[in-house]
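Enquirer: No letters, just coordinates:
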């Protein structure tokens, strides 16, 4: 089983990870938050490679090169806008599942996620973390090539929240727990 870790950090500076996940907009353009940070660090080649892949739908994942980032790939996911894109839980889960399945097909051994939809898209942080972590735990057995999943969180509160929810979910998955 893969290692799952939750750390505070900058998603654009995960040099030991094969692929980072972009909290993308439908047009796969630079924006605020994660998308802006990744596009700035990657340089203009990322926007050029993204252009023909857009638009994407909520829950969808597409892959590009990483350009100026220290990774091999960027997987772009469009998370649901909370209260607009429904069913929100299913669409958010699809982001994580589709990203992991795409990583598995591409031979990616390590992947770093931000907290998809938990920023500007308004998803309540605890609910977003529960959906994200439960989906990753459920999907990893189908992705034996993936050795490490890292959640890279913006602040200490988000990091602690993810760590707490992960510990609770892992206890629930243990036989006899």
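Expert: Received the coordinates, thanks. Fair warning: this is a prediction, and the values are worked out from it, not measured in the lab.

Enquirer: for the residue most central in space within the chain, which residues make a bridge with it?
Expert: Centroid-nearest residue in the chain: residue 113, 3.1 Å away (criterion: CA atoms, centre = their mean). Residue 113 forms beta bridges with residue 151, as assigned by DSSP bridges.

Enquirer: residue contacts, the nearest residue to residue 150 once chain neighbours are set aside?
Expert: Once flanking residues are discounted, residue 150 sits nearest to residue 112: 4.3 Å by CB to CB, 6 or more residues apart in numbering. Just so you know, the C-beta spots here come from the backbone N, C-alpha and C atoms, and that holds for glycine as well. Counting by CB atoms under 8 Å, 6 or more residues apart in numbering, residue 112 touches 11, 14, 17, 19, 20, 21, 149, 150, 151, 152.

Enquirer: Number of residues surrounding the closest residue to the fourth one other than its chain neighbours?
Expert: Right, the one you point to is residue 19. Using CB to CB, 6+ apart and skipping the chain neighbours, the partner closest in space to residue 19 is residue 73 (4.0 Å). By the measure other CB atoms under 10 Å, the count of residues near residue 73 is 20.

Enquirer: neighbours around residue 140, how many?
Expert: The burial count for residue 140: 18, using other CB under 10 Å.

Enquirer: Just confirm residue 145 is within a helix.
Expert: No - in this structure, residue 145 is coil, not part of a helix, as judged by DSSP: H, G, I helix; E, B strand; the rest coil.

Enquirer: measure it to residue 102 for me?
Expert: 12 Å (CB to CB, to the nearest Å).

Enquirer: just to revisit the earlier point, got a quick ChimeraX command for the buried subset of the contacts of residue 112?
Expert: Of these, the buried ones go into a single ChimeraX selection, burial set by 16 or more other CB atoms under 10 Å:
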select :11,14,17,19,20,21,149,150,151,152
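
Enquirer: so of the contacts of residue 112, which ones are in strands?
Expert: If you go by DSSP state E, these have 19, 20, 21, 149, 150, 151, 152 in strands.
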